[in-house]
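A.B. asks: The following block contains a protein sequence and its predicted model.
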2 protein chains.
Amino acid sequence: MRYPLTVRNLLERSRTMFAHKEIVSRMPTGVVRHTYGQYYGRVSQLAHALTDLGVGRGDRVATFAWNHHRHLEAYFAVPCMGAVLHTVNIRLPAEHIIHILNHAEDKVLLVDEDLLPAILPLRDQFKTVEQIIVMADHPLTAENVVDYETLISGRPTTFAWPEDIDEWEPAGMCYTSATTGNPKAVLYAHRAIFLHSMLLCMADTLGLSESDTVLPVVPMFHVNAWGLPFAAVWMGTKQVLPGARPHPADIAQLLQDEKVTITAGVPTVWLGLLQVLEKGDYDLSALRAIACGGSAVPRALAEAYRKKLGLPILHAYGMTEAAPLTHVARLKSHLTILPPDAQQDIYDKQGLLVPGLEMKILDQAGNEVPWDGKTFGEVVMRGPWIAAEYYKDDRSSDTFYDGWYHTGDIGIVDQEGYLKLVDRAKDVIKSGGEWISSVDLENAIMAFPGVAEAAVIACPHTVWDERPLACVVPKADAKGALHKEAILEFLRNRFPHYWVPDDAVFLDELPKTGTGKFDKKVLRGKFQGHYMAG
Amino acid sequence: MRYPLTVRNLLERSRTMFAHKEIVSRMPTGVVRHTYGQYYGRVSQLAHALTDLGVGRGDRVATFAWNHHRHLEAYFAVPCMGAVLHTVNIRLPAEHIIHILNHAEDKVLLVDEDLLPAILPLRDQFKTVEQIIVMADHPLTAENVVDYETLISGRPTTFAWPEDIDEWEPAGMCYTSATTGNPKAVLYAHRAIFLHSMLLCMADTLGLSESDTVLPVVPMFHVNAWGLPFAAVWMGTKQVLPGARPHPADIAQLLQDEKVTITAGVPTVWLGLLQVLEKGDYDLSALRAIACGGSAVPRALAEAYRKKLGLPILHAYGMTEAAPLTHVARLKSHLTILPPDAQQDIYDKQGLLVPGLEMKILDQAGNEVPWDGKTFGEVVMRGPWIAAEYYKDDRSSDTFYDGWYHTGDIGIVDQEGYLKLVDRAKDVIKSGGEWISSVDLENAIMAFPGVAEAAVIACPHTVWDERPLACVVPKADAKGALHKEAILEFLRNRFPHYWVPDDAVFLDELPKTGTGKFDKKVLRGKFQGHYMAG
């Protein structure tokens, strides 16, 4: 049957079968609850309001908001009416917000009241935004904006959703940060969201079920909270949305009070929660899974959770370009007999490719390398929920070519199929045809006594193309006492000889990016002649 | 990404990530084991062999076989090479087998050695079959057939699968029995098999996982063993295939020895198994789910399993036209607090519509009826794995119209969304605009002392269109002692007055169909003037 895979199919199921199930939002005034029955009515009301504002098929509607029920209403009203949900990252600098709204040509913008101060000063620079809707908890009167509740109030609680939406029509869009220049946009077709939602419910990924209660700490402005809200509405899963600026103690309270079974967020969230759990006394016995992604999970953190809650952190890997889930570090059944440490070695990896996708690991020449647990290469993927291009962006062909999405991540796959990331493509050191992981060297150097921070960068080299250079910041009390020969000797005992940097330099501090990562680009610029001169 | 949903995606995953997992087959010589690594090699070898036999894109390849590894090899070799897997029901009468093979225009036929005697006498009447391949356990030399193992032996263990298969191309076909006339064919697109396989892995359906061991008792010639082999290969799930004519004791032994976690079959299978379990001592502690479909599960059977194994029988509903799964009777989380009897009332139903499909219940005028737990109507559905027509069949428009698949099943949906079937559309009695369930009346009459069997049929009536007539077979010792007025009075206390048959007739026996069901068509013919004359 030529039945299209659309977002509306997801919405109707919770209305017809799970109308009594709850959406719980942590709001400034306290926790508020809506049933899926009420939710469907409010989604319909929002669709009527947006229609009256002139939002039509294919128009972009932006959101600038935390995780709460109103944001979730936009998640379904916008795509089900045939428009495109554009979730804007509230943490972007002003110039990126301006660029994004103009590039997406957003027609309407839904903003949280407490985020309005970040938006209003930019308003004159938004070229296409015709209306700003403020998602406030109480009727709000401000100039040039409309109040969400006032806008939807009294409208019909059903909507004549268009029946002719094609599954290839866009339902959502997200921007992903670029190494240089403006953020790049990824469009999600209805089909991709449908399939990715099915994926999240499969037993061998997250196994999301009606019987779960899900709390996405990952923001709804970040790759659609990993797609969890879509899947949860579909299954009729109770959702707990933590609202604005949740403190780890708020998360702990919600996890306990709402008997959350599955939660998801980045490592720093779980680091913060751990501190709260170690101080207070929370009953988190309902929890069955802590999904973690965005960056690698520190070993100590994972082990602390195993001890504290008896739960492994479920490591997931993905990206905006993939809607986002591509890998989950689940133990295969025959590996469950391994001792805890060996199991943790597997949980530390990015995991197994999820069903439905294809993956290859490519060397510098673009040839596939074996899954042998030691050969490096760039991770490339393709599949039904992986993008084919960036939306209206000349940079697309740098990332999408030969029919594959090139992640820019350098990884190793072992013989079981578990992927482990070792570096970013731009940071890996390409020396005489071999690849050297800057991350592995940095982790080793930072374990050397007296070292505060270390970055290892590629420096151009006449013979080897590139050679590694260690940039080391000594601890305050070690200044002058650290010797580079001792560090390099330390590395010689741990790595193949060609991995060991030819030189190390001491710095007072490392340059950092806006998000706090080492800015290796600045370092590479500074030291680009280091080996050439020598 | 315009990435097609094809069967090959499923196959590649078990090769790359689960090469060591097992496919266990109960064969005449004992249990044989293949790894998914070996399986991939044999699938490729079969594809080479079929290619050499001239099987090309879109050609139909028929199988006439039990559940075993060779049949499973055909399950993937045929669709992955771009041909169409046509699984033929070995229980059909000869004239239907001839019709089916000619209608499908099968080019090659794979037959089990022990089923060859049913096929060879028909061979001259197969108009398109160019080659018969015998799936024998030892090299076989017979005239005009080729031996499977000899045929694939020595061929390359990889195959250059076509890269350009469109997801809408047919991958499989099954015939379903028709009320009158020849069986009707349903084509399964690659896309439908891909999506249906995802469905089986969702937590709220069967939740099939790599960590499962699956034993499909449901035959691979019956709606592709409910799609389980496709999903199991994809997930790398260990499969246990019970081979030819498995006795319930064979099933029990395999369930125990192979630590099966999920099994699937029709009620009679579980009835037979129960008898074995009650006699012998089997350890089935690994079992987590017994999926049951095909016909309603008798209450006593379900309760016996709950007592014996502590497991509810997982009632599923579906049909050839839907690949097949459409409903699963899982308890919603808020219903798990019900007492066991009330839970069993829910497990007895056909269940909740699975994610991705749409369902309506239509009255005689084609209007949707409410989900109120009491209003009858025909179950109609549509969705991504539901057929849009029968293949080359004039009868398609009787079943597929107004954009919906009309099941011919009469059901009730309660306010929670659970479907309960009450009759077949052709058997339900349409009286004065109301529908009366023949099945409910029959079950009541059969509970009356002295009644051996009862069928209730519709008889034409001048005023009411149709009125029910009870056809009753007394038990041998009750002949002459049964009075129709007593039976009708018994019904008056249990059903609305208009449900009660106007008359009852006593018969020595009821006519039966080839599959042992009451042949109501014969009864309707016999009694069509019963109320008109009066």
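C.D. replies: Great, that's in hand. Residues are numbered from 1 along each chain as shown, chains lettered A, B, ... in the order given.
A.B. asks: what sits against the residue in the stretch 301-450 of chain A positioned nearest to chain B?
C.D. replies: Ranked by C-beta to the nearest C-beta, the top residue of the stretch 301-450 of chain A for proximity to chain B is residue A:417, at 3.8 Å. For glycine as for every other residue, the C-beta is placed from the backbone atoms N, C-alpha and C. Applying C-beta atoms under 8 Å, 6 or more residues apart in numbering or on different chains, we find residue A:417 in contact with A:352-353, A:371, B:16-17.
A.B. asks: Next: residue A:452.
C.D. replies: The contact partners of residue A:452, taken as C-beta under 8 Å, 6+ apart, are A:446, A:473-476, A:478.
A.B. asks: farthest-separated two in those?
C.D. replies: Maximum pairwise distance among the contacts of residue A:452 (C-beta to C-beta): 15.4 Å, between A:446 and A:476.
A.B. asks: Give me the more crowded residue out of these two.
C.D. replies: residue A:446 (14 against 8; other C-beta atoms under 10 Å in any protein chain shown).
A.B. asks: okay, the more buried one: pLDDT?
C.D. replies: Per-residue pLDDT puts residue A:446 at 89.
A.B. asks: how's chain A carved up into domains?
C.D. replies: Following automatic domain parsing, one finds the domains of chain A at A:13-246, A:356-424, A:429-526.
A.B. asks: Most tightly packed of these?
C.D. replies: Mean neighbour count, computed with mean count of other C-beta atoms under 10 Å in any protein chain shown, is highest for domain A:13-246 among the domains of chain A, reaching a mean of 21.
A.B. asks: quick one on the thing from earlier: tell me which entries of the contacts of residue A:452 lie within helices.
C.D. replies: Within the contacts of residue A:452, residues falling in helices by DSSP state H are residue A:446.
A.B. asks: JSON lines for the contacts of residue A:452, including distance to residue B:510?
C.D. replies: Formatted as JSON lines, the contacts of residue A:452 follow (distance: C-beta to C-beta, whole Å):
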{"residue": "A:446", "distance to residue B:510": "84"}
{"residue": "A:473", "distance to residue B:510": "91"}
{"residue": "A:474", "distance to residue B:510": "95"}
{"residue": "A:475", "distance to residue B:510": "92"}
{"residue": "A:476", "distance to residue B:510": "96"}
{"residue": "A:478", "distance to residue B:510": "95"}
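A.B. asks: quick one: low-confidence parts of chain A?
C.D. replies: Segments of chain A classed as low confidence (criterion: pLDDT under 70) are A:1, A:178-179, A:514-515, A:533-534.
A.B. asks: Identify the residues contacting residue A:255.
C.D. replies: If you count contacts by C-beta under 8 Å, 6+ apart, then residue A:255 has A:215, A:263, A:282, A:284, A:287 around it.
A.B. asks: Return only those of those found close to chain B.
C.D. replies: Residues of the contacts of residue A:255 in contact with chain B (C-beta under 8 Å from any C-beta of the partner chain): none.
A.B. asks: Format those as JSON lines; extra columns: distance to residue A:28 and secondary structure.
C.D. replies: JSON lines is the format used below for the contacts of residue A:255 (distance: C-beta to C-beta, whole Å; DSSP: H, G, I helix; E, B strand; the rest coil):
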{"residue": "A:215", "distance to residue A:28": "18", "secondary structure": "strand"}
{"residue": "A:263", "distance to residue A:28": "22", "secondary structure": "strand"}
{"residue": "A:282", "distance to residue A:28": "23", "secondary structure": "coil"}
{"residue": "A:284", "distance to residue A:28": "25", "secondary structure": "coil"}
{"residue": "A:287", "distance to residue A:28": "26", "secondary structure": "coil"}
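A.B. asks: Can you tell me which of those is closest to residue A:441?
C.D. replies: Nearest to residue A:441 among the contacts of residue A:255, counting by C-beta to C-beta, is residue A:263 at 33.9 Å.
A.B. asks: Enumerate the beta-bridge partners assigned to the closest one.
C.D. replies: residue A:215, residue A:290 (DSSP bridges).
A.B. asks: What residues does it make contact with?
C.D. replies: Residues touching residue A:263, when contacts are defined by C-beta under 8 Å, 6+ apart, comprise A:214-217, A:251, A:255, A:287, A:289-291.
A.B. asks: so how far is chain B from residue A:214?
C.D. replies: The gap separating residue A:214 from chain B is 12 Å, by C-beta to the nearest C-beta, to the nearest Å.
A.B. asks: OK, contacts around that residue?
C.D. replies: Applying C-beta under 8 Å, 6+ apart, the residues contacting residue A:214 are A:208, A:228, A:232, A:237-240, A:260-264.
A.B. asks: Is the nearest residue to residue A:399 once chain neighbours are set aside part of a helix or strand, or is it coil?
C.D. replies: Excluding its sequence neighbours, the residue lying closest to residue A:399 (C-beta to C-beta, 6 or more residues apart in numbering or on different chains) is residue A:406, at 5.4 Å. For residue A:406, the assignment made with DSSP: H, G, I helix; E, B strand; the rest coil gives strand.
A.B. asks: So what pairs up with residue A:406 in the strands?
C.D. replies: Beta-bridge partners recorded for residue A:406 (DSSP bridges): residue A:380.
A.B. asks: One more: the one 5 residues further on?
C.D. replies: With DSSP bridges applied, residue A:411 shows beta-bridge pairing to residue A:377, residue A:421.
A.B. asks: Am I right that it is in contact with residue A:350?
C.D. replies: Yes. At 7.1 Å, residue A:411 counts as touching residue A:350 under the criterion of C-beta atoms under 8 Å.
A.B. asks: quick one: common contacting residues for the two?
C.D. replies: Counting by C-beta under 8 Å, 6+ apart, the residues touching both residue A:411 and residue A:350 are A:419-421.
A.B. asks: Nearest to residue B:102 among the residues you listed?
C.D. replies: Distance to residue B:102, by C-beta to C-beta, is smallest for residue A:419 among these, at 50.1 Å.
A.B. asks: what's near enough to touch the closest one?
C.D. replies: Contacts of residue A:419 (C-beta under 8 Å, 6+ apart): A:317, A:327, A:349-353, A:359, A:379, A:411-413.
A.B. asks: check which helix or strand covers residue A:488.
C.D. replies: Element membership of residue A:488, judged by DSSP states H and E, is helix A:484-492.
A.B. asks: need the contact list for the closest residue to residue A:53 other than its chain neighbours.
C.D. replies: The shortest distance from residue A:53 to any non-neighbouring residue, by C-beta to C-beta, 6+ apart, is to residue A:131 (5.3 Å). Contact analysis of residue A:131 by C-beta under 8 Å, 6+ apart lists A:53, A:107-109, A:146.
A.B. asks: Looking only at the helix or strand harbouring residue A:250, what residues are buried by neighbour count?
C.D. replies: For residue A:250, the element it lies in under DSSP H and E is helix A:248-257. Using 16 or more other C-beta atoms under 10 Å in any protein chain shown as the test for burial, helix A:248-257 gives A:248-256.
A.B. asks: same deal with stretch A:327-337?
C.D. replies: Buried residues in stretch A:327-337, counted by 16+ other C-beta under 10 Å: A:327-333.
A.B. asks: Now tell me what touches the helix holding residue A:488 from outside.
C.D. replies: The contact list for helix A:484-492 (C-beta under 8 Å, 6+ apart) reads A:441, A:444-445, A:448, A:451, A:470, A:472, A:499-501, A:503-506.
A.B. asks: of all the residues you listed, which comes closest to residue A:530?
C.D. replies: Using C-beta to C-beta, those come closest to residue A:530 at residue A:503, 6.9 Å.
A.B. asks: Spatially nearest residue to the closest one (excluding sequence neighbours)?
C.D. replies: Nearest non-adjacent residue to residue A:503, counting by C-beta to C-beta, 6+ apart: residue A:469, 5.7 Å away.
A.B. asks: So what pairs up with the one you found in the strands?
C.D. replies: On the basis of DSSP bridges, residue A:469 is bridged to residue A:457, residue A:503.
A.B. asks: now swap in residue A:430 and tell me
C.D. replies: residue A:435.
A.B. asks: and it, what does it touch?
C.D. replies: Going by C-beta under 8 Å, 6+ apart, residue A:430 touches A:364, A:436, A:458, A:465-466.
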